[in-house]
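*Asks:* Attaching a predicted model along with its sequence, questions to come.
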Amino acid sequence: MTDPPRADIAAAETLGGYGVATVHEALGRVGYLGPEFRPVWTGARMGGTAVTVMCWPGDNLMIHVAVEQCRPGDVLVVATNSPCTDGLFGELFATALQHRGVRGAVLATGVRDVADLREMGFPVWSRAVSAQGTVKSTAGAVNVPISLGGQTVHPGDVLLGDDDGVTLVPRAAVDRALVAAEERVRKESAARAAFAAGELGLDRYGLRARLPELGVEYVSHTEYRP
Ligand SMILES: O=C([O-])CC(=O)C(=O)O
Ligand SMILES: [Mg+2]
């Protein structure tokens with residue numbers, strides 16, 4: 001068996017720097033795992049390549065198997081084969097992963113030891129926080145395609161996380177994402193400067209002229225401008 005191909009680590013980190021909303025939007029509003037995936041501590045940010053894990057509910061055996069597969073720049077991504085909010089992951093796993101240079105973890109389950117994870121600065125996103133303990137009994141799979149948050153994650157794909165949640169960039173879309181995200185950052189900084197100077201989105205985006213055809217009834221208040 002050989003390791004699955006993975007996206008370029010530097011590219012994954014750069015995408016992480018752009019952030020979830022920017023990259024998701026730049027790729028055409030795709031890839032977002034949805035609002036249920038929350039960072040367990042505020043301010044976490046990461047971009048890395050997926051090592052995928054399929055666990056049974058209430059069983060973290062395969063996370064132990066997966067840790068050994070992780071290399072610097074990776075993100076551990078865990079799904080279960082039916083819904084589960086138990087605390088499959090905590091600071092001990094995070095300690096082992098941090099030692100291996102792993103950038104963070106994303107779990108469709110619950111996680112625990114949140115205070116320790118925050119203290120360690122190890123970024124984790126999950127659907128739940130739960131102290132509920134789990135067993136290590138049932139075989140699952142590592143580095144197979146998994147589904148979570150409505151997205152299919154293949155091993156080696158890029159996952160980004162920040163306070164807005166988690167988004168997926170398939171390995172084949174990484175180069176396009178880099179170009180599109182840079183372009184979006186450029187556009188948004190121009191828009192930010194314009195808004196700071198008082199321009200309105202209605203004018204900047206050509207919306208004012210389209211309002212009648214869109215059926216929006218309103219009274220213009222240009223005299224309100226500061
Ligand atoms: O050990 C477990 O089952 C999960 C956990 O709490 C940890 O990784 O610290
Ligand atoms: Mg623990």
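*Replies:* Thanks, I have it. Numbering: from 1, shown residues only. Ligands and ions are numbered 1, 2, ... in the order given.
*Asks:* switch to C-alpha atoms for all contacts and neighbour counts from now on
*Replies:* Fine.
*Asks:* OK, contacts around the spatially closest residue to residue 58 that is not a sequence neighbour?
*Replies:* Leaving aside its sequence neighbours, residue 58 sits nearest to residue 134 (CA to CA, 6 or more residues apart in numbering; 4.8 Å). By CA atoms under 8 Å, 6 or more residues apart in numbering, the contact list for residue 134 reads 58, 59, 60, 86, 87, 88.
*Asks:* quick one: the fourth one and residue 130 touch, right?
*Replies:* Yes. In terms of CA atoms under 8 Å, residue 86 counts as a neighbour of residue 130; the distance is 5.7 Å.
*Asks:* hmm, back to that, looking at the contacts of residue 134, which are in strands?
*Replies:* Under the assignment DSSP state E, those contribute 87, 88 to strands.
*Asks:* near ligand 1 too, which of the contacts of residue 134?
*Replies:* Contacts with ligand 1 within these, counted by CA under 6 Å from any ligand atom: residue 88.
*Asks:* who touches residue 11 in this structure?
*Replies:* 174, 178.
*Asks:* so after the host helix or strand of it, what's the next helix or strand?
*Replies:* For residue 11, the host element (DSSP states H and E) is helix 9-18. Using DSSP H and E, the helix or strand that directly follows helix 9-18 along the chain is helix 20-26.
*Asks:* Just read off the phi/psi values of residue 140.
*Replies:* In terms of degrees, to the nearest 10, the main-chain angles of residue 140 are phi -130, psi -130.
*Asks:* Can you tell me how far it is from residue 217?
*Replies:* 57 Å (CA to CA, to the nearest Å).
*Asks:* Model confidence for the spatially most central residue of the chain, exactly?
*Replies:* In the chain, the centroid-proximal residue (CA atoms, centre = their mean) is residue 166; its distance is 1.9 Å. pLDDT, residue 166: 98.
*Asks:* Ramachandran coordinates for it?
*Replies:* Here is the backbone geometry of residue 166 (degrees, to the nearest 10): phi -130, psi 140.
*Asks:* any idea how far ligand 1 is from residue 174?
*Replies:* Separation of residue 174 from ligand 1 (CA to the nearest ligand atom, to the nearest Å) stands at 31 Å.
*Asks:* Packing partners of whichever helix or strand that residue is part of?
*Replies:* Using DSSP H and E, residue 174 sits in helix 174-196. Applying 3 or more CA pairs under 8 Å, 6 or more residues apart in numbering; DSSP states H and E, one finds that helix 174-196 contacts helix 9-18, helix 20-26.
*Asks:* which of the residues in it are buried?
*Replies:* 174, 177, 178, 180, 181, 182, 184, 191 (16 or more other CA atoms under 10 Å).
*Asks:* With pLDDT as new columns, can the residues you listed be given to me in TSV?
*Replies:* Shown next, in TSV, are the buried residues of helix 174-196 (pLDDT from 0 to 100):
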residue	pLDDT
174	98
177	98
178	98
180	98
181	98
182	98
184	97
191	97
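*Asks:* from those, which is closest to ligand 1?
*Replies:* Closest approach to ligand 1 among those (CA to the nearest ligand atom): residue 174, at 31.0 Å.
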